[in-house]
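>>> what would the 3D arrangement of this be:
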Amino acid sequence: MNILQQEPIAALATAPGIGAIAVLRVSGERAIEITNRLFRGKDLTQQASHTAHFGTIRDQANTVIDEVLVTIFRSPASFTKEDVVEISCHGSEYVIRQILRLLLKEGVRMAQPGEFTQRAFLNGQFDLVQAEAVADLIAADSEATHRAALTQLRGGFSRQLKALRQQLIEFAALIELELDFGEEDVEFAQRDDLRQLVWSIQRVLRPLIESFSVGNAIKNGVATVLAGKPNAGKSTLLNALLNEEKAIVSDIPGTTRDVIEDELFIDGIRFRLIDTAGLREATDAIEAIGVERTRQQLDKAAIIVYLFDAAETPLTELEEVRAELQQRSVPYLLIANKMDKLSEEQLAQWQLQFGNELVAIQANTGNNLDQMTRRLTDFVRSNAVPGSTVVTNLRHYEHLTQTDAALARVLDGLDAGSTQDWLAIDLRDALRHLGELTGEITTDDLLATIFSKFCIGK
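Numbering: from 1, shown residues only. Here you go, the predicted structure:
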């Protein structure tokens, strides 16, 4: 591939603000030559790729701005596949501004958000799914989000989809060819082979589509709602999990009137813990609002943790609660709090009745909380796609679902004996969505939207 060496751009690649070291990145045509005009040390234009050189950056009056370490990456062996220079200087805001000012005087312009990654994509370094994974990797704040982004960056599902898309293109071309011989009633594309190919693509698409609920939760935090009757110990449990007095704890029923939310990292997974008002018939207007908000949170929950007082909750009541939770089709966990009030025989009866759905704890002492947190992480991991390939990006999810819908119409057309022109329309639709997913079909508006979300130096 011919690598397009575009006009040189520069930006701060490290986080803004005062620090020990800052890195300025320059990419594009004459990036090495331009940097060399400001650098005093070895002649950078004569140095090999992937080498680092110590020297100084000086202005036109030969005044030293800073001592720096300059690293050279020659095209195409660089992130953007263009000539790239990285200038490591001291993290003074003044020094950074001065070096950037000198680069701008030499004809470099400031990079737009995500422009380095956009150039890498345009120069064939990786596809669009991988490019978006760069931003996800930078934003990763847990082991789970880091692992998901890294999987996508390494190719994830996009490489497999591109290979299947190529096969679909070949079939679509044969269908289009049949249109040119419409009056002669010929079939160049074997319909059974097309059906088999569509099935094979759907076998890849559908687990990815189903993984989005888990992937979205991993990326944004698993919404975990603490629900139950007043005085069950929800606020005590929240404080115990967070190891701080986040919520007010009182013996007075209905103390929690509003939704309280915080984040907790458990075994590399981010959970958004949501403490809610107790579920009961409200005694005043304010409590009624709190109960209504609790029900709204239950509708949006990824996991429901239903807490109850083990000594005061009849078995029949808990069976009714379980039946209601099962209707929501959301993973749930029944937490028997205040287990110190139960005898071993009573606790054994609870476990026999509800099995793995129930965990007994003592919220105010933290007893058995580790068993509860293990169950929470099990919920997330048990719903993940094997190999940790999960869809975390809404744009990917939408294109996958649109592709699957178009392929379903192809199968319906094959079953109904549809003519070539109808099959061709649905095949084109499937190919378009697959192409837009991986970046084989792009528009300037699409690229501008995606890369504008990146930080400036990436």
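>>> next structured bit after the least confident helix or strand in the chain by mean pLDDT?
When the helices and strands of the chain are compared on mean pLDDT, DSSP states H and E, helix 285-300 comes out lowest with a mean of 59. Note on helix 285-300: by DSSP states H and E, the next helix or strand toward the C-terminus is strand 303-309.
>>> in its sheet, what does that next one sit against?
Sheet pairing of strand 303-309 (DSSP bridges) gives strand 222-228 (parallel), strand 332-337 (parallel).
>>> any weak-confidence spans in the stretch 101-250 of the chain?
Along the stretch 101-250 of the chain, the parts satisfying pLDDT under 70 run over 135, 138-149, 151-156, 176-189, 217, 244-250.
>>> now do the strands in it.
109-110, 222-228 (DSSP state E, counting those that start in this stretch).
>>> which one of those is the most hemmed in?
Across the strands of the stretch 101-250 of the chain, averaging neighbours per residue (mean count of other Cβ atoms under 10 Å) puts strand 222-228 on top, at a mean of 24. Yep, even glycine has a C-beta here, placed from its N, CA and C like the rest.
>>> other residues contacting that strand?
217, 234, 237-238, 269-276, 278-279, 294, 297-298, 300-308, 335, 376, 380 (Cβ atoms under 8 Å, 6 or more residues apart in numbering).
>>> cool, stretch 309-327 as well?
229, 231-233, 304, 306, 308, 332, 334, 336-339, 341-342, 346-347, 349-350, 353-354, 357, 360.
>>> for that stretch, buried residues please.
For stretch 309-327, the neighbour count (16 or more other Cβ atoms under 10 Å) marks 309, 310, 313, 318, 321, 322, 325 as buried.
>>> stretch 340-356 now?
Quick answer for stretch 340-356 (16+ other Cβ under 10 Å): 342, 350, 354.
>>> reformat the residues you listed as CSV; add secondary structure, distance to residue 65 and pLDDT.
Shown next, in CSV, are those (DSSP: H, G, I helix; E, B strand; the rest coil; distance: Cβ to Cβ, whole Å; pLDDT from 0 to 100):
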residue, secondary structure, distance to residue 65, pLDDT
342, coil, 72, 76
350, helix, 71, 78
354, helix, 69, 84
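>>> in a markdown table, list those along with distance to residue 86.
Shown next, in a markdown table, are the buried residues of stretch 340-356 (distance: Cβ to Cβ, whole Å):
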| residue | distance to residue 86 |
| --- | --- |
| 342 | 63 |
| 350 | 61 |
| 354 | 58 |
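>>> and those, which is closest to residue 191?
Using Cβ to Cβ, the shortest approach to residue 191 within the buried residues of stretch 340-356 belongs to residue 354, at 51.8 Å.
>>> for burial, what's the neighbour tally of the nearest residue to that closest one once chain neighbours are set aside?
In space, and not counting its chain neighbours, residue 354 is closest to residue 334: 5.9 Å by Cβ to Cβ, 6 or more residues apart in numbering. By other Cβ atoms under 10 Å, 24 other residues sit near residue 334.
>>> residue 334: what's it in contact with?
306, 308, 318, 321, 322, 354, 357, 358, 359.
>>> 6 Å - rerun?
By Cβ atoms under 6 Å, 6 or more residues apart in numbering, residue 334 lies in contact with 306, 354, 357, 358.
>>> can you check residue 372 too?
Residue 372 neighbours (Cβ under 6 Å, 6+ apart): 359, 361.
>>> pLDDT score assigned to it?
Reported pLDDT at residue 372 in the predicted model: 89.
>>> just want the angle from the helix or strand hosting it to strand 332-337.
Using DSSP H and E, the element containing residue 372 is helix 369-382. With axes from the mean of the first three to the mean of the last three Cα atoms, to 10 degrees as the basis, helix 369-382 and strand 332-337 are set at 180 degrees to each other.
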